[in-house]
Structure formats: structure tokens, C-alpha cells
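Could you look at this predicted model? Sequence included:
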Amino acid sequence: MFEPARVQSLWELVNYRAKASRGAPMFFDEGGRTVTFDEVRDEALRVAAGLLALGIGPRTRVAWQLPSRVGTVVVSLALARVGAVQIPVIPQHRAREVGFILAESGAEWVLVPGVWRGFDHTAMVRALAGDGVRVLPVGERLPVGDPAGLPEPAPGGDGDTTWIYYTSGTTAAPKGVEHTDATLIAGGVGLATALGMSPDDIGSIAFPYAHIAGPDYVIAMLVSGFPAVVLESFEPGRAAEVYRRHGVTMAGGSTAFYQAFLDESRRLRQGTPQAGPLIPSLRLLSGGGAPLPPELYRAAGRELGCAIVHGYGMTECPMIAMGTPYDSDEQLARTVGRPVAGARVRIARPDGSEAAAGESGEVTLRGPMLFRRYTDPALTAEAFDAEGYFRTGDLGTVRPDGHLVLTGRLKDIIIRKGENISAQEIEDLVHTHPAVAQAAVIGLPDRERGERVCAVVVPADPAAPPLTLDALTAHLRAAGLMVQKLPEQLEITGELPRGGPLDKVLKAALRERYAPPPAQRYTE
């Protein structure tokens, strides 16, 4: 019996699914093309032969900055077949990020889409690439060759790095994160097990495939045998139309996707009050990458008529915890699910000892899906505790039911008069105010308090009278928030600054926007 959890090589998993699901669809693209599991495998073999003829083989370091297309998945699988070290780069990254990644990773080849969405990636990378780095524009035409000349695939399991991902840099400087096929497969198996998808389901990839979630999701497809719709970019109205056409049953990507579908559904119903669900076939929204406010969980679930299953992962560990379709509403709204199969989560006190059940502390973890190391040895040394647990930098608790609750980031703690305040706790309550569509809570320098609590809000109805600080704090008091945590400043904005592949709120940008000038911090 084939057991995906024991597989060490991505190519072995690809070959298994191509045989087990021969003739069954693997991908649908927005242009109407359908590609089967075995067709993807066979095309990847031809591309692998073409890459090998160019000199790309075992241990060759290949960066690729390609949009989410079927061809991109094929290239990625072909690189896995020849044993190259892959360095995926988010397509939206520009010279500053790309230059850093190419130099830090030691990339020998860079695959680019040519001109994509009006931007010349080839020109950018050629200007950045050092001597000896070869740039290959692939676009829609991939290099191909005769698979008969390919050597036998490597068996995997040797522990060598085969993937180097870079963190988005939204909370710190980008870090090179080294993975193996086996660590990514363990993450994908954890996702597949939690979601319980079957070949009768149809998923979707509308986020950058170059994100760590890309192979995580494709591995879940290979494990469970379900197909997915692939979109080059996410536009809510266009995505909903394509999903309706194909009968997508699971969609998502991050909290921002939930909000976008909620807004799109409400917009359509304003014009047609009797309109049905935005995507009638949809039974599940899933994702991660950012906190899910309970109010958004309830509103999106009611509006879209589906379950919302949120999870928790990061570049260093693509799958840590995940809700399931069988969890209760309370569990789905208030937690990020249980640790996935193989993940061991340990809540640590500041002194490193293990916290008691229900006690808050730093989330640390071990498991087969955990990355091998950072490219910078100094970062690796700092990242693990004495027992070998990875320190995530996230704060949380494990409930008696085994579900994990995230309460904030170590670096997203507001220190007001010496007391640590979780920004996420306040954000969740701010979201419950009917005048609020989106919210972020930040700490700003304050002469008397050290930091003061500032709520930044996007109004639900821009035409309505603006929300006042008094009205917001009254609402928070009524919700039971302690006085010490009440916002002392309220800012109204048309939109929150976002960045990274999953559209996280850029709190550093908000702090820069609303912080008082240094000269005023001690004279007010």
C-alpha cells in the first residue's frame, strides 16, 4: 500500500498520482484548458530533459520568478525531477528583493516570464545578475527534450536541501529558509489530512505558486487526487466567475481572500437582492497567513454559505495547525485548529520552560515538516531552543480540546506602562463594531506610557458619519476589554497597507504613518 507520509521524493509522489489517477484532471486554467495528472507528469519529463540539456542538473541552484500557471508547476516538477535546488521568487518582487535573493542564495540560473503584466522581468534580472548567472526567459514556451536521456531520479531522503524560500520581510529582513522534498511533503500531507478533500472536489490556486503554500497545496492535490483551477492573479469578480464555471468546492488563500469574496458577494446583492450564493458549489474556504477575526469568520460564512477552515503555517514550517470541516463553529472562529499530523507544538514561558495547559507563551514546534536551517548560520543558532524546538515568535495557548489559539506576535506586543498588551486581542474586538470593515491595532511612541494603543480602521460605510474614539472605546468596554487595553488614538483610513504574497497588513508602515515626529514625543 502506498503511504504518502513515507515518501521522501516529490517526483515519486508525482509518478504515483499520475498512475493512480490516469486520465483524471489535475488543472483547469482560466482559458478553458484541462490538463490531467499523467499529462502534467509527462510534460514535466520533457521539460526536465530540456533543462538537463541546458546544463541544469543535480544541485544546480535555480531561481524562478514565474506567475501561477500550469506551466510554472510543470517547471517546478521538472526541476525536482533533475534534482536541482529551487529558489522560488514571488513574481511581485522587484529589484530590491530580487537582487538580495539572487546574491544571498548563490543562484546559478534564473527563470523569468519575460514581460508579464507590463513589467520586463528579463531586463530587471539581467541588470541584477552577477557574472556567471544565466537568465532564461521561458514565458509560455518551456525548454523540452527527449525524456529517454534522463538519468534515474534520485530516491530522496538524503537530507540535502532542495528548496530555498525567502520570508516576505513584512515583519523582519528576509531570511533564506532551506527545505527538502520530505519537509514539504510532510506539510502537504498534514494539509490534505486536515481538509479531507477527495477526487470529487475542485480546489483553486489564486495565490502566488512561488509562495511556500504553492507546493504545500499541490502536494495535497497529489495525496488526495483532487484537481484545482489555477489563476495568474486574484481579482475577486473574475475569480468568482471562473470558480462558478468550474464548480469549485474549495477556495481561499488568506484572510484577505475571505474579505474580498465577502465584499464581492455584498456588492452583487446590492444590485440584485435576490441573487444566490456568489459561488454556489463552494463548500469550504480555507487559508492562513494572517489572523482571522471571529466577526469576519461569521460574516463571510453567512454571506457565502460555506464553512471557513483557517490554519497556521509559515515559511519555516508550511503547515503547523489546521481547522477541519468537522470542527465546531466556536473552534473555527476562535482557533487555528489542532496541530497537523506529525507536528509537535509546545508553548514556552519566557524562561524556556513548558507552559501549563491554557497558559500563554511562545509557540515552539518540532516535526517532519520543519525546515532544515536558515542560509545564515547565525539565524539558525538563534531560532532553536536547547531541546531543538523552533521558536516561531508567535504567542499562543493550547486549549483543553487541543486547539491552538494565537494571541499575537512577540514583536506585535504593545508595552504600555510596562504591561504587555496583545494587539490581536484588541483587533478581534474592534472588528465586531458594525461601523468597522477592517482594523489594525498598533503601538505608537508615547512620552508618558512608553507606547499608546492606536486603532486604525477602514469604515464599513465611508459615507456614514465617521466612527469616534469615544464610540469605539464604549463598544470595547461593553465587550469586556480591560481599561488598560483601550485605544487612546483612532485613525480612519480608506485602506490598510498590505504586502507580501498573502496580503498581510504592513504594521510597520502604519507605525511610520501615524507615529509622532521624534521632536514631539517628549514635548507634547
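Now that the structure is in, tell me what you want to look at. Worth saying up front: this structure is predicted, and the values here are computed from it rather than measured.

Confirm G276 sits in a strand?
No. Applying DSSP: H, G, I helix; E, B strand; the rest coil, one finds G276 to be coil, outside a strand.

give me the number of residues near it?
Neighbours of G276 under the rule other CB atoms under 10 Å: 10. Glycine gets a C-beta too; all of them are placed from N, C-alpha and C.

quick one, domains of this protein?
Using automatic domain parsing, the domains assigned to the chain come out as 4-186, 234-410, 417-520.

got the ones you listed as CSV, with distance to A210 and mean pLDDT columns?
Shown next, in CSV, are these (distance: least, CB to CB, whole Å; pLDDT from 0 to 100):
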stretch, distance to A210, mean pLDDT
domain 4-186, 4, 93
domain 234-410, 11, 93
domain 417-520, 7, 89
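
between those domains, which one is nearest to A206?
domain 234-410 (4.2 Å; CB to CB).

Contact partners for E491?
Listed by CB atoms under 8 Å, 6 or more residues apart in numbering, the contact set of E491 reads 454-457, 514.

if I look at it, how far off is V458?
10 Å (CB to CB, to the nearest Å).

Q489 now?
Taking CB to CB, one finds Q489 at 16 Å from V458.

and what of Y374?
35 Å.

Please identify which of the two sits among more neighbours.
Legend: neighbour count by other CB under 10 Å for Y374 and V458, higher for Y374 (19 against 16).

Surely the more buried one and E178 touch.
Yes. In terms of CB atoms under 8 Å, Y374 counts as a neighbour of E178; the distance is 7.0 Å.

Could I get the full set of helices for the stretch 301-450 of the chain?
With DSSP state H, counting those that start in this stretch as the criterion, the stretch 301-450 of the chain has helices at 329-334, 377-383, 423-430.

buried residues in the second one?
Going back to what we said before, that points to helix 377-383. 380, 383 (16 or more other CB atoms under 10 Å).

Report all helices and strands that that helix contacts.
strand 373-374 (3 or more CB pairs under 8 Å, 6 or more residues apart in numbering; DSSP states H and E).

Next: the first one.
When contacts are defined as 3+ CB pairs under 8 Å, 6+ apart, helix 329-334 sits against helix 294-304, strand 307-314.

could you dump whatever helix or strand D470 lives in to CSV, C-alpha only?
In this assignment (DSSP states H and E), D470 forms part of helix 469-478. The C-alpha trace of helix 469-478 is given here as CSV (Å, rounded to 0.1, in the frame of the first residue of the first chain):
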residue,chain,number,x,y,z
LEU,A,469,-12.8,57.2,19.6
ASP,A,470,-15.4,57.6,22.4
ALA,A,471,-17.9,55.3,20.5
LEU,A,472,-15.2,52.7,19.8
THR,A,473,-13.9,52.6,23.4
ALA,A,474,-17.5,52.4,24.7
HIS,A,475,-18.1,49.4,22.4
LEU,A,476,-14.8,47.8,23.7
ARG,A,477,-15.7,48.4,27.3
ALA,A,478,-19.1,46.8,26.7
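
who touches that helix?
Helix 469-478 is contacted by residues 426, 429-430, 432-433, 435, 455, 457, 483, 485-490 when judged by CB under 8 Å, 6+ apart.

One more pass at 7 Å, please.
429-430, 433, 455, 486-487, 490 (CB atoms under 7 Å, 6 or more residues apart in numbering).

which among the residues you listed gets closest to L395?
Looking across those and measuring by CB to CB, the closest to L395 is L429, at 17.1 Å.

Quick check: the closest residue to the closest one other than its chain neighbours vs L472, distance?
Closest residue in space to L429, ignoring its immediate chain neighbours: A479 at 5.0 Å, by CB to CB, 6 or more residues apart in numbering. Distance of A479 to L472, given as CB to CB: 11 Å.

what about G114, how many neighbours?
By other CB under 10 Å, the residues close to G114 number 14.

wait, it sits on P137?
Yes. G114 lies in contact with P137 (CB atoms under 7 Å); the separation is 4.3 Å.

so what's L45 up against?
Here L45 is in contact with 81, 147, 150 (CB under 7 Å, 6+ apart).

how about it, phi and psi?
When read as degrees, to the nearest 10, the backbone of L45 gives phi -60, psi -40.

picking that back up, sort out which of the contacts of helix 469-478 are in strands and list them.
The strands, defined by DSSP state E, take in 455, 490 from the contacts of helix 469-478.

Which one of the contacts of helix 469-478 is nearest to F28?
Using CB to CB, those come closest to F28 at V430, 39.1 Å.

Tell me how far the closest one lies from P459.
12 Å.

Those two: who's more crowded?
Per other CB under 10 Å, whichever of V430 and P459 has more neighbours is V430, with 26 against 17.

Now, of the contacts of helix 469-478, which are buried?
Buried members of the contacts of helix 469-478, scored by 16+ other CB under 10 Å, are 429-430, 433, 455, 486-487, 490.

Could I get those in TSV, plus columns for distance to V70?
Shown next, in TSV, are these (distance: CB to CB, whole Å):
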residue	distance to V70
L429	43
V430	41
H433	43
A455	43
L486	51
P487	47
L490	47
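
The residue nearest to G176 when sequence neighbours are not counted: neighbouring residues, count only.
In space, and not counting its chain neighbours, G176 is closest to T375: 3.2 Å by CB to CB, 6+ apart. Neighbour count of T375, defined by other CB under 10 Å: 16.

contacting residues for T375?
Contacts of T375 (CB under 7 Å, 6+ apart): 104-105, 164, 176, 178.

which residues in the stretch 1-150 of the chain form strands?
Taking DSSP state E, counting those that start in this stretch to define them, one finds strands in the stretch 1-150 of the chain at 25-29, 34-36, 61-64, 85-88, 109-112, 115-116, 119-120, 134-137.

So which of these is nearest A307?
Comparing the strands of the stretch 1-150 of the chain by CB to CB, strand 25-29 comes nearest, at 22.7 Å.

quick one: contacts of that closest one?
The contact list for strand 25-29 (CB under 7 Å, 6+ apart) reads 34-37, 40, 70, 221, 227-230, 246.

swap in stretch 253-270?
By CB under 7 Å, 6+ apart, the surrounding residues in contact with stretch 253-270 are 206-207, 234, 236-237, 240, 252, 275, 278, 285, 287-292, 296, 299-300, 303-304, 308, 438, 498, 502-503.

In stretch 84-103, which residues are buried?
Buried, per 16+ other CB under 10 Å, within stretch 84-103: 84-93, 97-102.

how far does it sit from the chain's center?
Its chain's C-alpha centre and that of stretch 84-103 lie 17 Å apart, by CA atoms, centre = their mean, to the nearest Å.

Ok, stretch 312-332 next?
Put simply, stretch 312-332 sits 12 Å off its chain's centre (CA atoms, centre = their mean).

about what we covered before: just curious, which of the contacts of strand 25-29 is nearest to A154?
V40 (19.8 Å).

wait, doesn't that closest one sit right on T72?
No. The criterion here is CB under 7 Å, and V40 misses it with T72 at 11.6 Å.

Would you mind telling me which of these two has more residues around it?
Here V40 and T72 are compared on neighbour count by other CB under 10 Å; more neighbours surround T72, at 26 against 22.

Setting aside sequence neighbours, what's the nearest residue to that one?
L66 (4.3 Å).

how close does the one you found get to D29?
14 Å.

One more: Y374?
35 Å.

returning to what we had before: in CSV, list the domains of the chain along with distance to D216.
Supplementary listing: the domains of the chain in CSV, determined by distance: least, CB to CB, whole Å:
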stretch, distance to D216
domain 4-186, 7
domain 234-410, 4
domain 417-520, 12
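
Great, nothing more from me.
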